[in-house]
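J.: What follows is a protein structure lacking sequence information:
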Ligand code: ARG
């Protein structure tokens, strides 16, 4: 039951739809002000009356009864108190009957949303800079599917560019196939680093690398075989991380996939009179839009990152006919996407408005948290391993007799990495701290997982929640607050999808968990005064567990049975 809507439909405000009124209704943090409140200040402008007078008038006309037990005008606010029992009954029936579909909907109507995320670079190890895009993208992917959209996950691999010519040159000079096969990407990285050192003294290496890159472009069999092998090695490395994080893609069409698809784009730009020569390069002038020119072809005729992104956007539109195409990419690429989107718009693509750069901030590691193997690059695998290791130690200490400690530690450790990256608004820079993300008492996934284990243990002790339960005569504050937090889940999922902010779901998890723990400590569940009360409280416990499980699943976090 949507209470805001219920109330709004009974509040005729001139010149406003019930939906608009509903969007103004809020839940006051202080329950003494009612359960819902309509601030009348915004209405004052429309109705040309004082907020207080509006509140009074609306209050007098409101039909109290049914689910709303009281309406009161106070200082320009119209406060509503609901019939708690009716409301909680609705919430529990909804959550329990929908089960693992609680919070889901078909609002997306099967519309396709392409999500470009993770998009790692070939021959580079997965470092912490790609954590946010990976877990944010994967969360958005699941959230949109949960809401009835059809997500298409695209890993736009960075597999194109002169660096691959350098890598071949390096490999041909110093590469050892078995060594590299054994050590994987880090060995590729080593010869790449060596190449740069040697090239300082031997600039002719640059020419060699350029020649190899040209061969790749011409699809020379030997060079292609090497390149494919580099790719395979990288993907093997990266796949380990995707498996740990439970992240999947529907397409791995990366930059090189577009090498033969850029010609037509350049042609179209030329035909539409958008190309201009500047210092030998082909550009689209964007001065009128306050941006530097978008370079399409370099002086030597080679394409750029932006050219490939344009070909990719057109390809995606043709292939998937997307409703929206999201790019989960760091905010450092703001200008790049603004340029690409603008050029597509100038090309007359009406869908350019459906391209969205979902920008996020930087992740760094707390000072001294880890000595890195090489320079200042922090490898994600090391971070995850360390989190699992720490989780193992904590879990063993808390519960030495726990079975499957390894499995629990994995869920806790991986969850901590994901939750740590998702807990704040995505645009904020994050400083990752092991102690913070693994704090049992903090705003963390461990805290939420532990709460789930607690709820599950209560249910197990009771031999499951009875299927039939009744509302008690009076609802305690703790019960009511918990039920309201549970009820907020479906709207929170919608808001997370609309704003591309999985953090809203992460925050809801913590809120529900905190309220459950308050309820758990203040209200007796298993030793409630009557069986009826016990059954009601068990139903509330089950609804809580369901909500948290669904919410964590959207973020990609598993729930251990026991902790
Ligand atoms: N590989 C790029 C990087 O690591 C990200 C690619 C993002 N996607 C795109 N279509 N440009 O920075």
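T.: Arrived safely, thanks for sending. All figures in this text were calculated on a predicted structure; none of them were measured in a lab.
J.: which residues in the chain form strands?
T.: With DSSP state E, the ranges of strands along the chain come out as 36-39, 68-74, 77-82, 112-116, 150-154, 275-278, 281-284, 294-297, 324-330, 355-360, 363-365, 430-432.
J.: The fourth one packs against which elements?
T.: Applying 3 or more C-beta pairs under 8 Å, 6 or more residues apart in numbering; DSSP states H and E, one finds that strand 112-116 makes contact with helix 131-146, strand 150-154, helix 305-320, strand 324-330. Any C-beta I mention is one placed from the backbone N, CA and C, and that applies to glycine too.
J.: who touches that strand?
T.: Applying C-beta atoms under 8 Å, 6 or more residues apart in numbering, the contact partners of strand 112-116 are 137, 140-141, 144, 149-154, 156, 316, 320-329.
J.: do the same with the last one
T.: Contacts made with strand 430-432 from outside it, assessed by C-beta under 8 Å, 6+ apart, are listed as 128, 132, 361-366, 369, 383, 420-421, 424.
J.: In CSV: these, plus pLDDT.
T.: Formatted as CSV, these follow (pLDDT from 0 to 100):
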residue, pLDDT
128, 91
132, 96
361, 94
362, 90
363, 90
364, 86
365, 84
366, 81
369, 53
383, 93
420, 96
421, 96
424, 94
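J.: In ChimeraX, how would I select the buried members of those?
T.: To isolate the buried members of the contacts of strand 430-432 in ChimeraX, using 16 or more other C-beta atoms under 10 Å:
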select :128,132,361,363,365,369,383,420,421,424
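J.: Same list (the contacts of strand 430-432) but as a markdown table, adding distance to the ligand.
T.: Shown next, in a markdown table, are these (distance: C-beta to the nearest ligand atom, whole Å):
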| residue | distance to the ligand |
| --- | --- |
| 128 | 12 |
| 132 | 12 |
| 361 | 14 |
| 362 | 12 |
| 363 | 14 |
| 364 | 17 |
| 365 | 19 |
| 366 | 23 |
| 369 | 23 |
| 383 | 18 |
| 420 | 21 |
| 421 | 16 |
| 424 | 21 |
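J.: quick one, what contacts the residue nearest the centre of the chain?
T.: Central residue of the chain (C-alpha atoms, centre = their mean): residue 136, 2.9 Å from the mean position. Going by C-beta under 8 Å, 6+ apart, residue 136 touches 117, 328, 358, 360, 421, 422, 426, 500, 502.
J.: And residue 451, by the same measure?
T.: Contacts of residue 451 by C-beta under 8 Å, 6+ apart are 513, 516, 517, 548.
J.: Return the member of those nearest to residue 207.
T.: residue 548 (59.7 Å; C-beta to C-beta).
J.: how about the helices and strands packed on strand 112-116 in a markdown table, adding distance to residue 186?
T.: Output for the helices and strands packed on strand 112-116, formatted as a markdown table (distance: least, C-beta to C-beta, whole Å):
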| stretch | distance to residue 186 |
| --- | --- |
| helix 131-146 | 18 |
| strand 150-154 | 27 |
| helix 305-320 | 25 |
| strand 324-330 | 23 |
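J.: looking at the ones you listed, which is buried most?
T.: Of all the helices and strands packed on strand 112-116, helix 131-146 carries the top mean neighbour count, a mean of 24, counting by mean count of other C-beta atoms under 10 Å.
J.: Quick check: the residue nearest to the centre of the chain vs residue 171, distance?
T.: Separation of residue 136 from residue 171 (C-beta to C-beta, to the nearest Å) stands at 34 Å.
J.: Would you mind listing what in the chain touches the ligand?
T.: Selection of the chain residues close to the ligand by C-beta under 6 Å from any ligand atom yields 116, 119, 121, 156, 158, 309, 312, 327, 329.
J.: Go again with 8 Å.
T.: Within reach of the ligand by C-beta under 8 Å from any ligand atom, the chain has these residues: 116, 119-121, 129-130, 133, 154, 156-158, 255, 305, 308-309, 312, 327, 329-330, 333, 336-337.
J.: Next, count neighbours for the closest residue to the ligand within the stretch 451-563 of the chain.
T.: With C-beta to the nearest ligand atom, the shortest gap between the stretch 451-563 of the chain and the ligand falls at residue 500, namely 15.2 Å. Applying other C-beta atoms under 10 Å, we find 21 residues neighbouring residue 500.
J.: so what's it up against?
T.: 136, 140, 326, 356, 358, 426.
J.: Let me know the closest of the residues you listed to residue 59.
T.: Nearest to residue 59 among the contacts of residue 500 is residue 426, at 40.6 Å by C-beta to C-beta.
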